[in-house]
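>>> Predicted coordinates and the sequence they were generated for:
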Amino acid sequence: MQDRLWDRDKDYDTLVRWWTDWEFGKVPKECLPPDGIMIEVDGRPLCAGGLYIGQGTKFGFMEWIVTDKQADARKIHLALNMCIDRIMQLAKQKGLTLVYTATKEQALHKRYTKYHNMVLTESNVKTFLRDLDGSYSKDLTWISDDEQIDSRNK
């Protein structure tokens, strides 16, 4: 397995395919962080994740962890471990001292605490978004859970 920095332009189609396979929605390319990691085996991408960096801070936000749904589960396990570890290394290289993340995925909850020394800090969180210019409000599936998507469709 090899890791590399992701390229939002070159890797975007792969990410969209994975998000579609997982029925996640399509994160707009311009909303992805410039910093991210892609894990590959023999040149075939297996998983990826991004790291937002708070300008002028030592705080980062790990987001958009996604895998190739068609790949072997054992390889995905190893690739996810490598991806998350590499994101943490990238954060250290960038001078960060805290990396925060949020997910509803139970498998990631377990992974973060078991393999990556992350501490659960909140259990009952609601997230909010304001679309300042109205350009994203038509499709927020990429950042909404099923309950919120259903409530907007009523």
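Cool, the structure landed.

>>> so where is the chain shaky, pLDDT-wise?
Confidence mapping of the chain against pLDDT under 70 gives the ranges 152.

>>> can you pull out the strands in it?
Per DSSP state E, the chain carries strands over the ranges 2-5, 35-41, 44-53, 59-67, 98-100.

>>> Show the contacting residues for the spatially most central residue of the chain.
When CA atoms, centre = their mean is applied to the chain, the residue found nearest the centroid is W64 (1.5 Å). By CB atoms under 8 Å, 6 or more residues apart in numbering, W64 lies in contact with L15, V27, L32, G36, A48, G49, G50. Placement of C-beta: from N, CA and C, glycine included.

>>> can you check M1 too?
Applying CB under 8 Å, 6+ apart to M1 gives the contacts I39, E40, V41, L46, K75, L78, A79, M82.

>>> Would you mind getting the angle between the longest helix along the chain and strand 35-41?
Determined from DSSP state H, the single longest helix within the chain is helix 73-93. Here the directions of helix 73-93 and strand 35-41 differ by 150 degrees (axes from the mean of the first three to the mean of the last three CA atoms, to 10 degrees).

>>> how about helix 73-93: buried residues?
Residues of helix 73-93 classed as buried: 75-76, 79-84, 86-88, 90-91 (neighbour count, 16 or more other CB atoms under 10 Å).

>>> coming back round to it: a markdown table please, covering the contacts of W64 and showing neighbour count and distance to L120.
Converted to a markdown table, the contacts of W64 look like this (neighbours: other CB atoms under 10 Å; distance: CB to CB, whole Å):
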| residue | neighbour count | distance to L120 |
| --- | --- | --- |
| L15 | 23 | 27 |
| V27 | 19 | 25 |
| L32 | 19 | 26 |
| G36 | 26 | 24 |
| A48 | 26 | 24 |
| G49 | 23 | 19 |
| G50 | 23 | 21 |
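
>>> Make CSV from the strands of the chain and add distance to Q106 to it.
Formatted as CSV, the strands of the chain follow (distance: least, CB to CB, whole Å):
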stretch, distance to Q106
strand 2-5, 25
strand 35-41, 22
strand 44-53, 17
strand 59-67, 13
strand 98-100, 19
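
>>> Thanks a lot, catch you later.
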